[in-house]
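Novice: sharing a model prediction with you, sequence too.
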Amino acid sequence: MADYTNLEKVRLEKLNRLREQGIEAYPRRVERTHSIQEAVEAFLAQEEDPEAPEIQAVLAGRIRSVRPMGKVIFAHIEDGSGRIQLFFRANDIGVEQLDFFNQYFDLGDFIQASGKIFRTRSGEISLAVSSYRMLAKAITPLPAAKESVVDGEVVSHATLSDPETRYRQRYADLAVNPDVRRIFQLRFNTIRSIRHFMDSRGFLEVETPILQPIYGGAAAQPFTTYHNQLKQELYLRISFELYLKRLLVGGFDKVYEIGRDFRNEGVSYKHNPEFTQMEFYWAYADYRAVMDFTEEMLAYVVEEVLGEKRFTYKGQEIRLDQPWARIELRQGLIDETGIDIQEHLTAEELAAAMKDLDMEVDPGASRGKLIDDMLGHYLEPTFIQPTFVYDYPREISPLAKTKPDDPDTVERFEGFMGGMELCNAFTEINDPLDQEERFLEMGRSYSSEEDEHHPLDEDYLRAMRYGMPPNGGFGMGVDRLVMLLADQPTIREVLLFPHLRESGE
RNA sequence: GGGCGUGUAGCUCAAUGGUAGAGCAGUGGCCUUUUAAGCCAUUGGUUGGGGGUUCGAGUCCCUCCACGCUCACCA
């Protein structure tokens, strides 16, 4: 067990003394009659009605502040619904009970308190305590120096702010920083409203394997694992795509999944090794329909979560109450960089044109990669307002159908907001022969030894050979959407337990 | 992986190379409507780890660890 700090030793000693007196510091049963919010609401109703009886309540919560004043004590307790002041008075409970509280109760302890709801002279709704008992003794003090309520707002003074401790001990961060709790409330509201929108549009929520014998659907490095009894190498999925599209073959027309993807790559303010993705596949739709649908979905979600179709991210107002900008990738690059990718049909030519403009060029990159680099560098940061960029190079889009009149360009779009890529969609390939060829173009092989990083998913092709309806597919980084809605600059702030290195403690 | 920066009490932060401090929390006392309650007293440190320079290192140097920002990477 850990070494205890002096502060912890003091509390352990209090715990021991309670136990010596036969007092259970962690009782099994609680007699709570109201949440704090319910008690406050009941009291407000009683105040409106002169005939109404007084509100007697048994409340439970964590002690967040204590102000002992001789023969009276004020304290605030907090439960999941809110906080309320406790008022202990020697006249009501006796000096002995008052002293007992002072001796054995600390900030962070959970307490049950019974009594009548009333207003103090200063007008604060409070519980006049007639009896109380310990529900859970806290050994480690919460990392907050002090809290107060100013104009109804909880103000924390010198609260926990070290990011490392906040992420490693998220429980303490959440316990002490109400704003952090709000971010996660918003996160889960966001996911719920995505779900609600998809359900209302007739999509079926499904679950597909996270442990996969062959990974695919994206260009990321996977995490590998191993099933001992089956003696089988497995991968954590990098996308849901190939499994969800198998379901279209099976006869489900509209499916979606919200879940975790895992990518064994760099960590940044917008990348975490595991992240939440929403993907849907929609039979008989194409990327134009998906684009319209995306616009509707995000306007709906933003309004559901924030109450209006606009919000502020990094000081800039982002509006979803108007149509998204729609920019053809080729035209966008012409406008921003002056380079027309149609005039540079090989990687060498394009790289030369880029170098002429003093752009950094990744040596050995394919033409598609160079185009994507330019998009990421010169266009993406400028897309603050919701923007669709459409029609991408074939060679970086192996699952997307080409345009009818242009075999080198595919029907694909990405959605941007706040200078970040948010989603990615295309008219999906449903021609098994075309798909096989595209896989082979990407360097995937039937022999896993040749290129074990990009194994060819033969079962997926088999599924497609049974007949897959034309369809449009879509994937969105849910964490990034939450970053936008919560106005948070890093993905870590919207992940409950973001990845950190081992601390070695 | 590169560059820059940070790491001091439970929390938030000070400290020209010269005795490691403050506020809050904690502990003891006073105080019967407070709300960062107040007043008096007081405990608390291997200055992230290791090594070096120096009469003397929180401070300068080396190294390791963690975190942050940034660049690179990232269909």
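Specialist: Good, I have the coordinates.
Novice: buried residues in stretch A:45-61?
Specialist: A:55, A:57-61 (16 or more other CB atoms under 10 Å). (Each C-beta comes from the backbone N, C-alpha and C, glycine too.)
Novice: closest to residue A:221 out of those residues?
Specialist: Nearest to residue A:221 among the buried residues of stretch A:45-61, counting by CB to CB, is residue A:61 at 46.3 Å.
Novice: and RNA strand B, which of the buried residues of stretch A:45-61 reach it?
Specialist: Restricting the buried residues of stretch A:45-61 to those within reach of RNA strand B (CB under 7 Å from any atom of the strand) leaves nothing.
Novice: can you tell me which of the residues you listed are in strands?
Specialist: Of the buried residues of stretch A:45-61, the ones assigned to strands by DSSP state E are A:57-61.
Novice: circling back to that earlier point, can you lay out the buried residues of stretch A:45-61 as TSV showing pLDDT?
Specialist: As requested, the buried residues of stretch A:45-61 are exported to TSV (pLDDT from 0 to 100):
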residue	pLDDT
A:55	95
A:57	97
A:58	98
A:59	97
A:60	97
A:61	96
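Novice: per-residue confidence at the residue of the stretch 201-350 of chain A found nearest RNA strand B?
Specialist: Distances between the stretch 201-350 of chain A and RNA strand B by CB to the nearest atom of the strand are smallest at residue A:266, namely 2.7 Å. Note for residue A:266: predicted pLDDT of 81.
Novice: so it belongs to a strand, correct?
Specialist: No: assigned with DSSP: H, G, I helix; E, B strand; the rest coil, residue A:266 falls outside any strand and is coil.
Novice: any idea how many residues pack against it?
Specialist: Residue A:266 has 7 neighbouring residues, counting by other CB atoms under 10 Å.
Novice: what's the nearest residue to residue A:410 if we skip its chain neighbours?
Specialist: Computed as CB to CB, 6 or more residues apart in numbering, the closest residue to residue A:410 that is not its neighbour in sequence is residue A:400, at 3.8 Å.
Novice: does residue A:166 touch residue A:174 like I think?
Specialist: No: with the criterion set as CB atoms under 8 Å, residue A:166 and residue A:174 do not qualify as a contacting pair; they are 9.2 Å apart.
Novice: higher neighbour count, these two?
Specialist: Neighbours were counted for residue A:166 and for residue A:174 using other CB under 10 Å; residue A:166 has more, 21 against 15.
Novice: now do the more buried one, the pLDDT please.
Specialist: Value for residue A:166, per-residue pLDDT: 92.
Novice: would you mind listing what in the stretch 251-400 of chain A touches RNA strand B?
Specialist: Taking CB under 7 Å from any atom of the strand as the contact definition, the stretch 251-400 of chain A meets RNA strand B at A:263, A:265-266, A:268-269, A:271, A:360, A:362, A:372-373, A:376-377, A:396-399.
Novice: in strands only, show me these.
Specialist: Filtering these for strands - DSSP E - leaves nothing at all.
Novice: okay, and the common contacts of residue A:166 and residue A:174?
Specialist: Here residue A:166 and residue A:174 share the contacting residues residue A:180, scored by CB atoms under 8 Å, 6 or more residues apart in numbering.
Novice: about what we covered before: is it possible to get TSV of the buried residues of stretch A:45-61 that adds distance to residue A:244?
Specialist: Formatted as TSV, the entries for those read as follows, by distance: CB to CB, whole Å:
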residue	distance to residue A:244
A:55	52
A:57	50
A:58	50
A:59	47
A:60	44
A:61	44
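Novice: could I get the contacting residues of residue A:91?
Specialist: residue A:71.
Novice: how far away is it from RNA strand B?
Specialist: Using CB to the nearest atom of the strand, to the nearest Å, one gets 4 Å for the distance from residue A:91 to RNA strand B.
Novice: in which helix or strand would I find that residue?
Specialist: With elements taken from DSSP states H and E, the one containing residue A:91 is helix A:90-104.
Novice: for that helix, buried residues please.
Specialist: Going by 16+ other CB under 10 Å, helix A:90-104 has these buried residues: A:92-93, A:97-98, A:100-101, A:104.
Novice: how far away from the center of its chain is it?
Specialist: If you compare the mean C-alpha spot of helix A:90-104 with that of the full chain, they lie 45 Å apart, counting by CA atoms, centre = their mean, to the nearest Å.
Novice: picking up where we left off before, select only the buried ones of the residues of the stretch 251-400 of chain A next to RNA strand B in PyMOL?
Specialist: Buried subset of these, written as a PyMOL selection, criterion 16+ other CB under 10 Å:
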select buried, chain A and resi 263+372+373+396+397+398+399
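Novice: and what about residue A:183, helix, strand or coil?
Specialist: When classified by three-state DSSP, residue A:183 comes out as helix.
Novice: contacting residues around it?
Specialist: For residue A:183, the contacting residues are A:482, A:486, A:488, A:493-494, by CB under 8 Å, 6+ apart.
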